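Visitor: No sequence on hand, only this structure:
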DNA sequence: CTGAAAGCGCTTACAG
DNA sequence: CTGAAAGCGCTTACAG
């Protein structure tokens, strides 16, 4: 099964290589009989065009890169990245592209990655998943005119195309939910490591503002999105006697649950808890955990769609797409106080625009 | 920041493009002053070679592909793929390669993926993560002489290079552990969807054989590695009154735990449970779950190393690398019967070769 | 509608 | 040790 070239296929079909190229690429103005003859040879020989040669000649690789920076340590523990990647892969397949995955593990690799991406003609564009505030890649990409779409938010958000989920509204809904149930001492486990953490704290604050309440700083603890950090933050909060806690990531919420369990505090009788993120296996295993559900897979898909538009020279009008999230209420969060019979163990979705 | 070519760099340095090429590629026999002069121009101009052109000319893309077939639905819920990908990415970075990710979502996409990979010159080789018995890709790859390394085991295992974890021994250890604790009715939740499922059942059977015990078919239930399936399988087993259960995946184990909880059965007093796989967040959230830990990340890394060897024309002697696993004993599985004070909540590793 | 030809940016024998 | 030249397999104006 030797590799054929356009030239050879042309010879077999009795036409020039240019004509074969046109047939392969679906160029319209070709005499039908010629097209068929060529197509038959292609089918019979199983000819496949060399993608590298095509890319070189056309100055388009049809490869897009997905960059996962080293800051994103959660890659292992959090289904966030798998879901996102799934969506991106779906987008890539839909648009007949190839996906190159750049995972950065250390700071040295950051430099190396940038170098191997920029100016090498390998990728047409990038999707950058970086929610860290001190972002290394964006300035470089901007400087080199590398087309890209950012997932999440960063300091550069207003200069770039990005797609994100609505973290502010999500946290607002979560907090408001607890407020509306009458909880008085609503703590939060936040994070200040990244922009989504900031946004989620903003949502918490917004709900408090709406209810004319002020935030008690002693009821605010910080974690790093990791399970352990949720555990420690909760242990730190318990002495403050919160009657509810909004944990800004489900992974941390699982840690927090462990701390509550250790402290013999029952959920939701002694304390209500609301998480964020919807980690499939863990959350399903805790069917009581009320949480905010985000359309992560869709985020990835839309990021690709946006990048494709940019690459085709028809960038979208708006620089940002912010996807709605929803509050999924289950038994943990004061369902007992709401209506135990109706809600316990059930899933109730709240619309985003209340 | 216009894109420079070798030719232009050569002009600036007063040498031919061939010489610049040799400097860029670290060719040894070059007069030092020339090398320096060229290198300076490269540094000053920020010249980066066009990877596509290089690939075309050298017939080596330095891109390897990672294929995740549609059978692997667990991509979302299981940290297995993220961990593996992490290891592969580390291997790719270490070997100065680029990783192309091919995620297949449907059967139609399978064909499309094969076509876009095979005979297009895009990838030098592949890593195929397919543990399904009815594997679609392997025969095609074999037919087209595409170099590849398989992760896991399949019907073609003896014809291909592969790296895997030791599923048979892992399950053997898990089961033996329960047997050695004196449990009499040790059920299992197995799966017959893939080869690792077969291997894990074999390990279960091996341990029974070693103890001169026969397997009670009524204590064998099947799931699909999903959480729900674990739940249903456990519900099915409960009427058979097992006193222990070996669940061949932690995701299913979480489902099983839920079923036990619903049935008001306490772990480990009423029934002991041992899982498999070590899903970080979920398992950490259940610190009682004894499980088998596999070196997944390392599996990915070694797969890349193996592929690199194959591509360099020095394939490894053995066609398979099987990595050891370990039993991590925690409180759930009859630790109480062992030595509650010493083992409860602790992690005890058993070596693979007992 | 089709072909001859230039060109994409590199590598790599081949001379010297 | 270095350069001129052929070649990798495509695309794409340009003629006709």
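Guide: Thanks, I have the structure now. Everything quoted here is computed from the prediction, not taken from an experiment. Numbering: from 1, shown residues only, chains lettered A, B, ... in the order given.
Visitor: for chain A, what spans make up the strands?
Guide: Taking DSSP state E to define them, one finds strands in chain A at A:63-68, A:98-103, A:125-129, A:148-151, A:161-165, A:186-190, A:220-222, A:244-247, A:272-274, A:291-293, A:320-323, A:326-329, A:348-350.
Visitor: Highest average neighbour count across these: which stretch is it?
Guide: strand A:244-247 (a mean of 29; mean count of other C-beta atoms under 10 Å in any protein chain shown). Every residue, glycine included, has its C-beta placed from N, CA and C.
Visitor: Domain parsing of chain A, as residue ranges.
Guide: Following automatic domain parsing, one gets these domains for chain A: A:6-49, A:63-165+A:297-323, A:167-295+A:326-350.
Visitor: can you give me the end-to-end distance of the shortest one?
Guide: I take that to be domain A:6-49. One end of domain A:6-49 to the other measures 7 Å (C-alpha to C-alpha, to the nearest Å).
Visitor: Tell me how far the residue of the stretch 151-300 of chain A found nearest DNA strand D lies from residue B:176.
Guide: Closest residue of the stretch 151-300 of chain A to DNA strand D, C-beta to the nearest atom of the strand: residue A:161 (24.7 Å). Separation of residue A:161 from residue B:176 (C-beta to C-beta, to the nearest Å) stands at 56 Å.
Visitor: I figured residue A:110 hits residue A:68, correct?
Guide: No: in this structure, residue A:110 is not within contact of residue A:68 by C-beta atoms under 8 Å, at 11.3 Å.
Visitor: list residues touching both of those two?
Guide: The contact sets of residue A:110 and residue A:68 overlap at residue A:104 (C-beta atoms under 8 Å, 6 or more residues apart in numbering or on different chains).
Visitor: So which residues on the stretch 101-250 of chain A come close to DNA strand C?
Guide: Residues of the stretch 101-250 of chain A found near DNA strand C, taking C-beta under 7 Å from any atom of the strand as the criterion, are residue A:121.
Visitor: where does the stretch 101-250 of chain A dip in pLDDT?
Guide: Regions of the stretch 101-250 of chain A meeting the criterion pLDDT under 70 cover residues A:134.
Visitor: any idea how far the residue sitting nearest the centre point of chain A lies from residue A:304?
Guide: Per C-alpha atoms, centre = their mean, the C-alpha nearest to the average position across chain A is that of residue A:84, at 4.4 Å. Computed as C-beta to C-beta, the residue A:84 to residue A:304 distance reads 11 Å.
Visitor: Can you give me every residue that contacts the residue nearest to residue A:275 when sequence neighbours are not counted?
Guide: Closest residue to residue A:275 in three dimensions, ignoring its sequence neighbours and counting by C-beta to C-beta, 6 or more residues apart in numbering or on different chains: residue A:253, at 3.5 Å. For residue A:253, the residues meeting the contact criterion (C-beta under 8 Å, 6+ apart) are A:189, A:230, A:247, A:273-276, A:289, A:291.
Visitor: out of those, who's nearest residue A:266?
Guide: Compare each of those with residue A:266 using C-beta to C-beta and the shortest gap goes to residue A:273, at 10.9 Å.
Visitor: unless I'm mixing things up, that closest one is touching residue A:258, no?
Guide: No: under the criterion of C-beta under 8 Å, residue A:273 is not in contact with residue A:258, lying 11.6 Å apart.
Visitor: for residue A:94, what are its contacts?
Guide: Counting by C-beta under 8 Å, 6+ apart, residue A:94 touches A:301, A:304.
Visitor: Any idea which residue of chain A lies closest to DNA strand C?
Guide: Minimum separation of chain A from DNA strand C (C-beta to the nearest atom of the strand) falls at residue A:29, amounting to 2.7 Å.
Visitor: burial of that residue, as a residue count?
Guide: Summarising burial for residue A:29: neighbours were counted as other C-beta atoms under 10 Å in any protein chain shown, giving 5.
Visitor: swap in residue A:139?
Guide: The number of residues packed near residue A:139 is 12, by other C-beta under 10 Å.
Visitor: Which residue comes closest to it once chain neighbours are left out?
Guide: Taking C-beta to C-beta, 6+ apart as the measure, residue A:139 lies nearest to residue A:156, with 7.5 Å between them; neighbours along the chain are not counted.
Visitor: Read off the pLDDT value for the closest residue to residue A:265 other than its chain neighbours.
Guide: Setting aside the residues directly before and after it, residue A:265 is nearest to residue A:271 in space (C-beta to C-beta, 6+ apart), at 5.3 Å. The model reports residue A:271 with a pLDDT of 91.
Visitor: Surely residue A:271 touches residue A:264?
Guide: No: with contact defined as C-beta under 8 Å, residue A:271 does not reach residue A:264; the gap is 11.1 Å.
Visitor: out of the two, which sits in the more crowded spot?
Guide: Taking other C-beta under 10 Å, residue A:271 and residue A:264 do not tie; residue A:271 has more neighbours (25 against 7).
Visitor: just to revisit the earlier point, how close does the residue of the stretch 151-300 of chain A closest to DNA strand D get to residue A:326?
Guide: Using C-beta to C-beta, we find residue A:161 at a distance of 25 Å from residue A:326.
Visitor: that older thread, how close does the residue of chain A closest to DNA strand C sit to chain B?
Guide: Distance of residue A:29 to chain B, computed by C-beta to the nearest C-beta, to the nearest Å: 26 Å.
Visitor: State the pLDDT value of that residue.
Guide: pLDDT, residue A:29: 88.
Visitor: Likewise for the one 5 residues further on?
Guide: Turning to residue A:34, the model gives it a pLDDT of 90.
Visitor: quick one: contacts for it?
Guide: Residue A:34 sits next to A:15, A:19, A:23 when contact means C-beta under 8 Å, 6+ apart.
Visitor: Please produce CSV containing the residues you listed, extended by distance to residue A:36.
Guide: Converted to CSV, the contacts of residue A:34 look like this (distance: C-beta to C-beta, whole Å):
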residue, distance to residue A:36
A:15, 12
A:19, 12
A:23, 9
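Visitor: Next step: the residues you listed restricted to helices.
Guide: Counting by DSSP state H, the part of these found in helices is A:19, A:23.
Visitor: top of the contacts of residue A:34 by neighbour count?
Guide: Neighbour count (other C-beta under 10 Å) singles out residue A:23 as the most crowded of those, with 23 neighbours.
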